[in-house]
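Q: need a structure here:
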Amino acid sequence: MSFFQDPEVFRTVLNSLPLGVYLVDRDLKIVFWNHGAEKISGFLGADLLGRVYRDKLLVQYDEGTSRPLGKACQLTEAMRDGATKEADAYLLHKEGHRVPVHVCAVPLRSSDGKIIGAAESFGELKFPVVRGHRPSVHTQPYGIHQITGLPDPASTGARINEAFEELKQHRVPFCVLCMQVDGLREFEAKHGKGPSEAAQRVVAHTLAHALRPDDFLGCWADHEFVAILRYCEKAGVNRVGDRVRNMVNCSEVDWWGDELSVTVSVGGAMAAENDNAGTLVARAQAALQHSTDEGGNCVTLAADETATIGKED
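A: Numbers count the residues shown, from 1 in each chain. The predicted model follows:
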């Protein structure tokens, strides 16, 4: 057998790639799932081999339309058209949160040219840091919130103060987003404390993947999350807030076989030089309250900045 006829050679190569790669047959049964796919998705090959591809594993999203475009199945399109298909999508992690990825699907053909399946690769997307930005300097170690693993409220307050120092000394603009799981108390009363804590972790991980590497995400009072977005203009606040909202919509909490869903409300405010941490967060919280008063699952900026968006789902 020649080098290129040995299937173990190709299996070894595919397993060494940092990209996720998997193969399906004509019936969409998964026949190969590489180590990169395991690392990015959390699903082991043993979890998926021989099973039919889950059509909700990937959800395509276009920020230009500010709404999910539905289930992304480049695999079926590639097999139908016989052409390569690419898209940006949100991958459902085994833990329930969504991870932004870029996917590329190609048809697989037999020696006589018939399409016998498809292969898809995916790599995690990182939202880019603004070009020419000043690197963030964190002077305080972070305390950790026990449920979510994020910086605790005291650490979040300290980071907001640091952001104000950057604004005053180096003219680094920033805004904050206050985010809250809609109806969390009712959710806990219905499903219990365990699912409620699991939902908070899923939301925390989803929010972390929705932000740029240089943004900050931490916990705040009363089950709130606060994100600090550096070098972010008003339009960017809306865009990031809506991305957060949609990614959480697409996530799920798997609790003993039950697939539970949650939504978030978002309120945002731009920092001004006459602000402090208290006044800035208070304005963002007032916007958050407006979102919850509207029924939740929407984004509102502070009253002097822009209007509410979302709730089209």
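
Q: Is residue 106 in contact with residue 78, as I believe?
A: Yes. If you go by Cβ atoms under 8 Å, residue 106 and residue 78 touch, sitting 5.9 Å apart. C-betas here are computed from N, CA, C, even on glycine.

Q: overlap in contacts of the two?
A: In terms of Cβ atoms under 8 Å, 6 or more residues apart in numbering, residue 106 and residue 78 are both contacted by the residues 84, 118, 120.

Q: In terms of helices and strands, where is the last one?
A: Looking back up the chat, that one is residue 120. Per DSSP states H and E, residue 120 falls inside strand 115-124.

Q: all helices for the stretch 151-300 of the chain, in order.
A: Under the criterion DSSP state H, counting those that start in this stretch, helices of the stretch 151-300 of the chain are mapped to 153-170, 184-191, 193-210, 234-249, 277-293.

Q: Dump those to CSV, plus mean pLDDT.
A: Shown next, in CSV, are the helices of the stretch 151-300 of the chain (pLDDT from 0 to 100):
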stretch, mean pLDDT
helix 153-170, 93
helix 184-191, 95
helix 193-210, 95
helix 234-249, 88
helix 277-293, 95
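
Q: Out of the ones you listed, flag the one nearest residue 45.
A: helix 193-210 (22.3 Å; Cβ to Cβ).

Q: relative to strand 115-124, how tilted is the closest one?
A: Helix 193-210 runs at 90 degrees relative to strand 115-124, counting by axes from the mean of the first three to the mean of the last three Cα atoms, to 10 degrees.

Q: Need the residues that contact helix 193-210.
A: 93, 95-100, 127, 147-150, 179, 181, 184, 187-188, 217, 223, 225, 227, 240, 243-244, 247-248, 251-253, 255, 258, 260, 262, 264.

Q: Got a quick PyMOL command for the buried subset of these?
A: Here is the PyMOL selection string for the buried members of the contacts of helix 193-210, based on 16 or more other Cβ atoms under 10 Å:
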select buried, resi 93+95+96+97+98+99+100+148+150+179+181+184+187+188+217+223+225+227+240+243+244+247+248+251+252+253+255+260+262+264
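
Q: which ones among the contacts of helix 193-210 are found in strands?
A: Mapping the contacts of helix 193-210 onto strands (DSSP state E) picks out 98-100, 179, 181, 217, 225, 227, 253, 255, 258, 260, 264.

Q: what's the most distant pair in those?
A: Top of the distance list for the ones in strands among the contacts of helix 193-210 (Cβ to Cβ): 227 and 258, 29.0 Å.

Q: circling back: would you format the helices of the stretch 151-300 of the chain as TSV with distance to residue 13 included?
A: Formatted as TSV, the helices of the stretch 151-300 of the chain follow (distance: least, Cβ to Cβ, whole Å):
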stretch	distance to residue 13
helix 153-170	43
helix 184-191	45
helix 193-210	28
helix 234-249	32
helix 277-293	48
